[in-house]
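*Asks:* Here is my input, please return the structure:
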Amino acid sequence: MPVISKFFEPDSIAIIGSFREGFFGSHVMIKTLREAGFKGDIYPVNPSYREVLGIRVFPSVAAVPAGIDLAFIMVGCDTVPMIIGECASKGVRAVVVVSDGFAERNEKGARLQEEIVDIARRAGIRIIGPNTAGIVNTANGFNPCPYEAGYSKIKEGPVAICSQTGMTNPQAYPYADLGYGISKICDFGNKCDVDECDLLEYLGNDPATGVISMYLESIRNGRRFLETAKRVTPRKPVLVLKSGRTPEGARASASHTGSMAVDDRIFDAACRQAGIIRLEKFSELFEVPKIFALQPPPGGNRLGIVSYTGGVGVLATDEALKYGLAMARLTDDTAETLNSIFPGLGETPVDLGPVAAARAAGFMDLYPRVLEAVSADGNIDCLLNIIWSNSSAGESEEIYLNLYRKLKRNCPKPLVTWLYGSSLANTARLARKLEEMGFPVYSDLEAAVKSLGIACRYRIQVRRKGGNVNDPCAD
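*Replies:* Numbering: from 1, shown residues only. Take a look at the predicted model:
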């Protein structure tokens, strides 16, 4: 097994730190691993404890009576070099240093970080961190989160999230509430050793991962990153949010993880060459992958829009053109069908406002006919559906759900939804049900349209490069 694989697929782990109960630490890590369903061997290490959560605690790494695939270190930074030395003597080849106080702190910390890297390299050890919140592999229940997140199990799926911040780890994001599934999560912290190139290489070959979403503050080896991305992007979308675009942001990244940010113009050019899709907002790390995880690839960029409100339809049209989508012109048959339902309905965007007002009593009986006709139109490659969750919700919600179930069987085109209404509880409930069914629902209109645009751009990019045009996340 390659060393990088041991970070995500260990059969045995050592956890070195304090086992006091609290919201953070080794005690939380063991509890979360058990609740998540990890079946490997767990060896707690601390000379001051005999037992934790019914598991024997060993006084040192050397005292563990079996081999160790992966070690987690959560001790004071000054003690970390000694512990890594013990891991080296034990034959451990993969270490996660959760501890902080290294290059992100000051010059002394930077020297300490260089020391642990030197020890590790001489022993053939790979390190994730320091200053990291860790890693997750949903396939084997490996969730060693050191923070109390309030949940342990994460739905398995094709999206990998990697970053230089613990803000993408389970304690900071509601993965348990997502409609789509996760394959891997990794916060590589200061990335003193394992970096974005290693993770990109590993995830590019990981059969459980279909789309890779990354937050980066810096690129340590630009040439290797570019070459690796060129190999991966024809097979899997690689989405990257890079901070440090401004001089002020670059200085902030140096104080956060000790990183030196690359010039943003150079990075942007490299992304275009390598087929990397750049993101602009933190929320997009989680929002954009949904289109790849839940929907089939678009056959082209012709967009159909069905909206309860004409004004939002116009806004969506403006956004569509911004992201390379073209407004579809309905076929004569579709236009005729829609106009027979209500005069003037057979236009794009399809504006349901007038018919909803004129036929309020029976409108929801007509609605499925409209969306089915538009989704079946041969001139439409992808579809944005803008729906209203009314205050009573019950009856209309069931109509929506039944219609989407039918579309899941019959519509081979990507369909995204923006949902609005007067009750947060009602819209949140409906959004979750739709996503559990496999239809991405977006938090705002712009995100919905942008995601479709990105999916179309990626499809075109892969076709031009002669890669695998089958969507990597599709069933």
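*Asks:* separation between Gly311 and Gly109?
*Replies:* Taking C-beta to C-beta, to the nearest Å as the measure, Gly311 falls 54 Å from Gly109. To be clear about C-beta, it is placed using only N, CA and C from the backbone, and glycine gets the same treatment.
*Asks:* Which of those two has more residues huddled nearby?
*Replies:* Set side by side, Gly311 and Gly109 show more neighbours around Gly109, with 19 against 10, by other C-beta atoms under 10 Å.
*Asks:* and that one, which of the three is it?
*Replies:* In three-state terms, and counting by DSSP: H, G, I helix; E, B strand; the rest coil, Gly109 is helix.
*Asks:* residues contacting the closest residue to it other than its chain neighbours?
*Replies:* Nearest residue to Gly109, sequence neighbours excluded (C-beta to C-beta, 6 or more residues apart in numbering): Phe102, at 4.3 Å. Neighbouring residues of Phe102 by C-beta atoms under 8 Å, 6 or more residues apart in numbering: 77, 109-110, 112-113, 116, 130-131, 190, 192, 258.
*Asks:* before we move on, which element is the nearest residue to Ser451 once chain neighbours are set aside in?
*Replies:* In this structure, Ser451 finds its nearest non-sequential neighbour in Ile291, 4.3 Å apart by C-beta to C-beta, 6+ apart. Assigned by DSSP states H and E, Ile291 belongs to helix 289-294.
*Asks:* Tell me the buried residues in whichever helix or strand comes after that helix?
*Replies:* Going down the chain from helix 289-294, the next helix or strand is strand 302-307, by DSSP H and E. Neighbour counts over strand 302-307 (16 or more other C-beta atoms under 10 Å) mark 302-307 as buried.
*Asks:* elements contacting the following helix or strand past strand 302-307?
*Replies:* Per DSSP H and E, the first helix or strand lying C-terminal to strand 302-307 is helix 310-322. Helix 310-322 is packed against strand 302-307, strand 326-327, strand 350-351, strand 382-389, helix 445-465, with contacts defined by 3 or more C-beta pairs under 8 Å, 6 or more residues apart in numbering; DSSP states H and E.
*Asks:* Can you name every helix or strand that the last one contacts?
*Replies:* To tie it back to what came earlier, the one meant is helix 445-465. Secondary elements touching helix 445-465 (3+ C-beta pairs under 8 Å, 6+ apart): strand 277-279, helix 284-287, helix 289-294, helix 310-322, strand 382-389, strand 415-421.
*Asks:* Packed most tightly, which of these would that be?
*Replies:* Mean neighbour counts were taken over the helices and strands packed on helix 445-465 using mean count of other C-beta atoms under 10 Å, and the top value, a mean of 27, falls to helix 289-294.
*Asks:* Pull it out as PDB, backbone CA atoms only.
*Replies:* Presented in PDB, the C-alpha positions along helix 289-294 are these (Å, rounded to 0.1, in the frame of the first residue of the first chain):
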ATOM      1  CA  PRO A 289     -19.700  19.900  -6.700                       C
ATOM      2  CA  LYS A 290     -23.400  19.000  -6.300                       C
ATOM      3  CA  ILE A 291     -24.000  19.300 -10.000                       C
ATOM      4  CA  PHE A 292     -21.300  16.700 -10.700                       C
ATOM      5  CA  ALA A 293     -22.300  14.500  -7.800                       C
ATOM      6  CA  LEU A 294     -26.100  14.400  -8.400                       C
END
